[in-house]
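Chemist: Return atomic coordinates for the entry below.
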Amino acid sequence: MSENISRKPLNDVNAQAIELFLDTLYLEQGLSENTLAAYRSDLDKFAQFIQSIDNNCSLLKVQSSDVEAYLAHRHDLGLKSRSTARAISALKRFYLFFLRQKEITATPLLNIAQPKTTQALPKTLTEQEVEALLDAPDLGDAMGLRDKAMLELLYATGLRVTELVGMRMEQINLRQAVVLVKGKGGKERLVPMGEEALHYIEQFLKVGRPEMVKHATDFVFPSKRGTGMTRQTFWHRIKHYAILANVTSPLSPHTLRHAFATHLLNHGADLRVVQMMLGHSDLSTTQIYTHVASERLKTLHQQHHPRA
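Modeler: Sure thing, here's the model as predicted:
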């Protein structure tokens, strides 16, 4: 459900405050475009709300009562608590920035608590479904070979889709069979790619990529036009192969990332090793996959144990 606030241009004061905050995040912390876009969206929605009450209202002059009114508005719309929690986090960071800049003397979120949220288990696939998905591309043409290499690498390494489509040639070391992943906040990590992924990447680089690349580019997996591929394009390719493979389980752009982590834990991998490979800064983020693995074990027990 969306927020039914009539959208008008932000007044100059609010637009400039948001731009200054986002520019500082980008310059000082190197946050990704996706993260910055999420901050912009949350701040824009709040600014739209306060301007719907008073078009000249400044974000730097709102009171706690304004924030409470906004949260009540979101509640009335039936918006999810996880979405509201993210919005509150964005606002807290925004006002903390201007507090440090001495543009304000107190944050209006001082006594605003985060809503209680239940952490949703990530959707994943069985090992058989992953096999079917990975076998779906047609290896007889360059694009199919590219997609096969991308899917194998995604499942072998647990990369984020943005990390995969943005990968450059210097990030792949075929001799050592590792990839240098440039993740969130500019953090780098080395991840082994495994024999299957290595094999198909070598095949693609040798046979498929020269056919696709008509002019110089250092993207490992170019689009059919020979340029960088978008996340949306690759997501459409995944959905296409899911149909071909008759995979009916719910999919998301991170489905193979979730499968990578869950299947590693199912086979006894150490949680901290999985954390390092996924590039999570906090172990608690990785621990959600232990719950997925546990749920899978419960399901198997119920299906096969005579006294379940």
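Chemist: how about the strands in the protein?
Modeler: Remark: strands assigned in the chain by DSSP state E are 172-173, 178-182, 188-192.
Chemist: So what's the residue count around Ile238?
Modeler: By the criterion of other CB atoms under 10 Å, Ile238 has 21 neighbours. In this view, the C-beta of every residue, glycine as well, is placed from N, C-alpha and C.
Chemist: Surely Leu154 touches Val165?
Modeler: No. At 10.1 Å, Leu154 does not count as touching Val165 under the criterion of CB atoms under 8 Å.
Chemist: and those two? which has more neighbours close in?
Modeler: Leu154 (25 against 22).
Chemist: Name the nearest residue to the more buried one, ignoring sequence neighbours.
Modeler: Excluding its sequence neighbours, the residue lying closest to Leu154 (CB to CB, 6 or more residues apart in numbering) is Leu256, at 4.5 Å.
Chemist: give the contact list for Met193.
Modeler: For Met193, the contacting residues are Leu153, Ala156, Thr157, Ala177, Val178, Val179, Ile201, by CB atoms under 8 Å, 6 or more residues apart in numbering.
Chemist: Narrow the residues you listed to those in helices?
Modeler: Leu153, Ala156, Thr157, Ile201 (DSSP state H).
Chemist: which two of those residues lie the greatest distance from each other?
Modeler: Thr157 and Ile201 (11.0 Å; CB to CB).
Chemist: What segments of the stretch 1-150 of the chain are helices?
Modeler: 12-29, 33-53, 64-76, 81-100, 127-134, 142-157 (DSSP state H, counting those that start in this stretch).
Chemist: most tightly surrounded among those helices?
Modeler: helix 142-157 (a mean of 23; mean count of other CB atoms under 10 Å).
Chemist: hey, C-alpha coordinates of it in PDB?
Modeler: This file holds the C-alpha atoms of helix 142-157, laid out as PDB (Å, rounded to 0.1, in the frame of the first residue of the first chain):
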ATOM      1  CA  ALA A 142      26.600 -16.500 -26.400                       C
ATOM      2  CA  MET A 143      23.800 -15.100 -24.200                       C
ATOM      3  CA  GLY A 144      22.900 -18.500 -22.900                       C
ATOM      4  CA  LEU A 145      26.500 -19.200 -22.000                       C
ATOM      5  CA  ARG A 146      26.800 -15.800 -20.300                       C
ATOM      6  CA  ASP A 147      23.700 -16.500 -18.300                       C
ATOM      7  CA  LYS A 148      24.900 -19.900 -17.300                       C
ATOM      8  CA  ALA A 149      28.200 -18.500 -16.100                       C
ATOM      9  CA  MET A 150      26.400 -15.700 -14.100                       C
ATOM     10  CA  LEU A 151      23.900 -18.200 -12.500                       C
ATOM     11  CA  GLU A 152      26.800 -20.600 -11.600                       C
ATOM     12  CA  LEU A 153      28.800 -17.700 -10.100                       C
ATOM     13  CA  LEU A 154      25.900 -16.300  -8.200                       C
ATOM     14  CA  TYR A 155      25.100 -19.700  -6.600                       C
ATOM     15  CA  ALA A 156      28.800 -20.500  -6.000                       C
ATOM     16  CA  THR A 157      29.600 -17.200  -4.200                       C
END
